[in-house]
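**Q** Structure, please.
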Amino acid sequence: MSVFGLLLLVILTGMQLSAQQKPPDRKDSTTVSAGISKEQLAQEAQLNDLLALGDKARRSGDAAEAIRQFEKARDMVHSQTLLAEQEDRVLTKLGGAYLAAKRPSDAIATYTAILKLRRRDCPPESSSLSQCADAERSLGISKMLGGDFAGALSTLGDAEANYGNAAKPSDAEEFRMIETKEQAETRSLISVALFRLGRNEEATEAVESAIVQLEEVESDANIQQGIRNSAADSLRQAQAQLEQMKR
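**A** Sure, this is the predicted structure:
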């Protein structure tokens, strides 16, 4: 497998774990039921059934069926004003399914829409800057999958900077380490983009920097073992990436 293919597989897998590890930044109508109409609750139950079917199909490896269910969920959200708050959640699942199915054009359109939804998360002073970075990184991966390495480099650069700014010194150590891990994984992707653009020296520097960060996270005994294991997996792939680049 190529450097790009290997790293893309690792990042896509890691993105799923990271999404589970991060505390939610928003309270939406799936978690806050007080004051919500029965009509909205019924619509949300129907939406959740569609998403569950999509998740099941994706776990079983049926990408086409997963996309079909997630697209139905997207269309439902767009047609029901009571479900407007669910658009980000639905599009995130759909974008991931498009990436897994190697449909970069659809993924690019979906993550562009997500980034627009999260525009309030993107200013430097935002308390949910990592939400912006997540969308930027996914958009960058989509561009790489479509062969637009120059465009991906710009978008991934924004994501890398936002991950770096997301964690404040006053934040919990575990949160800071999650952001460090995600910044490092993004730097590994940046390294691939640079390498594909013929900027080999910069590519090597980027992945070496990522390795240092991943070693820091992997060795931190004060955080969950799952985070350390994820960092260790990304570290091994970054090291393999560096070896291939030096050949």
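**Q** Where is the longest helix in the chain?
**A** Longest helix in the chain, counting residues (DSSP state H): helix 173-196.
**Q** avg pLDDT for that helix?
**A** Here helix 173-196 scores 95 as its mean pLDDT.
**Q** and it, what other elements does it pack with?
**A** helix 3-21, helix 129-145, helix 149-166, helix 200-218, helix 225-245 (3 or more C-beta pairs under 8 Å, 6 or more residues apart in numbering; DSSP states H and E). C-beta here means a position set from N, CA and C on the backbone, and glycine is covered the same way.
**Q** got the buried residues for the last one?
**A** Of the residues in helix 225-245, those scored as buried under the neighbour-count criterion (16 or more other C-beta atoms under 10 Å) are 227-228, 230-235, 237-239, 241-242, 245.
**Q** show me what contacts Cys132?
**A** Leu115, Arg118, Arg119, Asp121, Cys122, Ser126, Asn162 (C-beta atoms under 8 Å, 6 or more residues apart in numbering).
**Q** From Glu44, how far off is the residue sitting furthest away from the middle of the chain?
**A** Within the chain, Lys38 marks the point farthest from the mean C-alpha position, 33.0 Å out by C-alpha atoms, centre = their mean. As judged by C-beta to C-beta, to the nearest Å, Lys38 and Glu44 stand 11 Å apart.
**Q** Am I right that Pro104 is in contact with Gly146?
**A** Yes - counting by C-beta atoms under 8 Å, Pro104 touches Gly146, with 3.4 Å between them.
**Q** Need the residues touching each of Lys38 and Glu44.
**A** With C-beta under 8 Å, 6+ apart applied, the contact sets of Lys38 and Glu44 do not overlap.
**Q** Tell me the one of the contacts of Cys132 nearest Glu85?
**A** Arg118 (13.1 Å; C-beta to C-beta).
**Q** The closest one contacts Leu91, doesn't it?
**A** No - the criterion here is C-beta under 8 Å, and Arg118 misses it with Leu91 at 10.3 Å.
**Q** give me the low-pLDDT residue ranges for the protein?
**A** For the chain, applying pLDDT under 70 flags the ranges 1-34.
**Q** Arrange the helices and strands packed on helix 173-196 in a markdown table, one row each, with distance to Met76 as further columns.
**A** Below are the helices and strands packed on helix 173-196 laid out as a markdown table (distance: least, C-beta to C-beta, whole Å):
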| stretch | distance to Met76 |
| --- | --- |
| helix 3-21 | 22 |
| helix 129-145 | 22 |
| helix 149-166 | 29 |
| helix 200-218 | 39 |
| helix 225-245 | 33 |
